[in-house]
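Colleague: quick one, what's the 3D model for this:
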Amino acid sequence: MPKIADIEKTPNPNAMKFSLREPLTWGVTHSYDNAGQAQNDALARALFAIAHVTNVFYVDRWLTVTQDGLADWEQLAREIAVPLRAAPAASDQSTATVAAARAKFAHLSEHDQQRLDDINVLLDLEIRPYLQGDGGDLHILSLHGNQLTVHYQGACGTCPSSISGTLRGIENRLRTIEPGIEVIAA
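Modeller: Numbers count the residues shown, from 1 in each chain. Okay, here's the model as predicted:
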């Protein structure tokens, strides 16, 4: 049962980040934009059962919950703590889970796979730590030619600055290794 170590505000006023003492996962992100998407995830399903919850995102030792802006965070945090504390801590991730995540990009040529690997290294070193520090993350959906499609997760998913300034900043940083790249948020 994960214990809450800290609750932090994020740049998105409708999102709160819960830091945990035990991990919920080992590197596998869980991101849900609605209750329908969360049907196979007991923790996310329980969180969406709480009034005003609109987004659930978690990985490793933290969880970000976004609300509709109509709830009092102090009360909502108490409600979120109940299913969070009841959730099981992470078990070993199967190799099948990791293989399934990698299979998504199996169609890429060797050259494009290397490009994607280089992009991920830059994102892991220079972008994701800041997004994760604010209760969010960035997931690559596709790479087609010079167009990289990304999806913001957690607090970043509904933050106005992620679609404007942050997206352009990411694109400018990626252009240091991929000069013609265009980054699109989906």
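Colleague: mind checking the SS state of the spatially closest residue to Q39 that is not a sequence neighbour?
Modeller: Excluding the flanking residues, the one nearest Q39 by C-beta to C-beta, 6 or more residues apart in numbering is R45, at 6.3 Å. To be clear about C-beta, it is placed using only N, CA and C from the backbone, and glycine gets the same treatment. At R45 the chain is in helix, as set by DSSP: H, G, I helix; E, B strand; the rest coil.
Colleague: please identify the helix or strand for L148.
Modeller: When secondary structure is defined by DSSP states H and E, L148 falls within strand 147-154.
Colleague: which stretches of the chain form helices?
Modeller: Assigned by DSSP state H, the helices in the chain fall at 42-48, 73-86, 95-103, 110-122, 128-133, 160-161, 167-174.
Colleague: tell me the mean pLDDT over the third one?
Modeller: Confidence over helix 95-103, taken as the mean pLDDT, stands at 54.
Colleague: ok, now the longest one?
Modeller: Across helix 73-86, the average pLDDT comes to 95.
Colleague: ditto for stretch 135-148
Modeller: Mean pLDDT, computed over stretch 135-148, is 90.
Colleague: pull out the buried residues from it.
Modeller: Of the residues in stretch 135-148, G135, G136, D137, L138, I140, S142, L143, L148 count as buried by neighbour count, 16 or more other C-beta atoms under 10 Å.
Colleague: before we move on, what about stretch 36-45?
Modeller: By 16+ other C-beta under 10 Å, the buried positions in stretch 36-45 come out as Q37, A38, D41, L43, A44, R45.
Colleague: now the terminal residues of it, how far apart.
Modeller: 9 Å (C-alpha to C-alpha, to the nearest Å).
Colleague: what comes into contact with it?
Modeller: The contact list for stretch 36-45 (C-beta atoms under 8 Å, 6 or more residues apart in numbering) reads L24, H30, Y32, A35, L47, F48, V56, Y58, P83, L84, A87.
Colleague: and the furthest pair within the residues you listed?
Modeller: Farthest pair in the contacts of stretch 36-45 (C-beta to C-beta) is L24 and A35. Separation: 18.5 Å.
Colleague: tell me which of the two has more neighbours.
Modeller: Set L24 next to A35 and count neighbours by other C-beta atoms under 10 Å: L24 wins out with 21 against 15.
Colleague: leaving out chain neighbours, which residue sits closest to the more buried one?
Modeller: Leaving aside its chain neighbours, L24 sits nearest to Y58 (5.2 Å; criterion: C-beta to C-beta, 6+ apart).
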